[in-house]
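**Q** fold the following.
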Amino acid sequence: MGKFALERAQKIANELVWHLAPHCSRIEIAGSVRRKQPWVNDIDLVLIPNDLWGFHAELTKLGPLKMSGQKILRLMVGGIQVDIYVADERTWATLLLIRTGSMENNIRLATLAKKRGWRLAASGDGLFNELGERIAGDSEESIYEALNLHYQTPEERG
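**A** Next up, the predicted model:
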């Protein structure tokens, strides 16, 4: 598995969205494609299925599943690995933020939260304070705001 030029990965990702969107209430390309990195190792999608049967039927047409769970599915499409993260309305924004990355940005956000005694849940559940109360996670911006940070667009997350 090598690196793919952004243009090729973007084209494959767009085709996947086109095929899967009719079976989802929300779907977004995440990862290094969303960050517009020139070279991409894999494609990440975050989605909320609203027709599980149709969604799974469409997936099986796209390529062989390498991994299939309730929260993550993995398949190969056009020679590139595709990781699909299944969200719900509550986990959508945090999961999109975390799966967009970069890893360095995620570590920075999680470290800032931890310094306050808070926790940024990698599961996508949100940002929790020291009492375990969810204080942000309805949008990517809400997490940055709660951590007193200027919102960074995906392209700024390196």
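
**Q** burial measure for Ala30, as a count.
**A** 24 (other Cβ atoms under 10 Å). The C-beta positions use only the backbone N, C-alpha and C, and glycine is treated the same way.

**Q** my guess is it contacts Leu47. True?
**A** No - applying Cβ atoms under 8 Å as the test, Ala30 and Leu47 come out as separate, 9.7 Å apart.

**Q** now do the phi/psi pair for the residue nearest the centre of the chain.
**A** Nearest to the mean C-alpha position of the chain, by Cα atoms, centre = their mean, lies Arg99 at 3.2 Å. For Arg99, the backbone dihedrals (degrees, to the nearest 10) come out as phi -80, psi -10.

**Q** and for Arg90?
**A** Given degrees, to the nearest 10, the pair of backbone angles that Arg90 has is phi -70, psi -40.

**Q** and it, how far from Asp125?
**A** Computed as Cβ to Cβ, to the nearest Å, the Arg90 to Asp125 distance reads 7 Å.

**Q** anything in contact with each of Ala30 and Leu47?
**A** Tyr85 (Cβ atoms under 8 Å, 6 or more residues apart in numbering).

**Q** before we move on, back to that, who does the spatially closest residue to the residue nearest to the centre of the chain that is not a sequence neighbour form a beta bridge with?
**A** Excluding the flanking residues, the one nearest Arg99 by Cβ to Cβ, 6 or more residues apart in numbering is Ala30, at 4.1 Å. On the basis of DSSP bridges, Ala30 takes part in beta bridges with Asp44.

**Q** what of the one 10 residues further on?
**A** In this entry, Val40 is beta-bridged to Phe4, by DSSP bridges.

**Q** pull the number of nearby residues for it.
**A** 23.

**Q** quick one, what contacts it?
**A** Here Val40 is in contact with 3-6, 9, 31-33, 80 (Cβ under 8 Å, 6+ apart).

**Q** tell me the one of the residues you listed nearest Gly69?
**A** Gly31 (18.1 Å; Cβ to Cβ).

**Q** residues contacting the nearest residue to that closest one once chain neighbours are set aside?
**A** Nearest non-adjacent residue to Gly31, counting by Cβ to Cβ, 6+ apart: Asp44, 3.2 Å away. The neighbours of Asp44, taking Cβ under 8 Å, 6+ apart as the test, are 29-34, 82-85, 99-100.

**Q** thanks a lot, see you next time.
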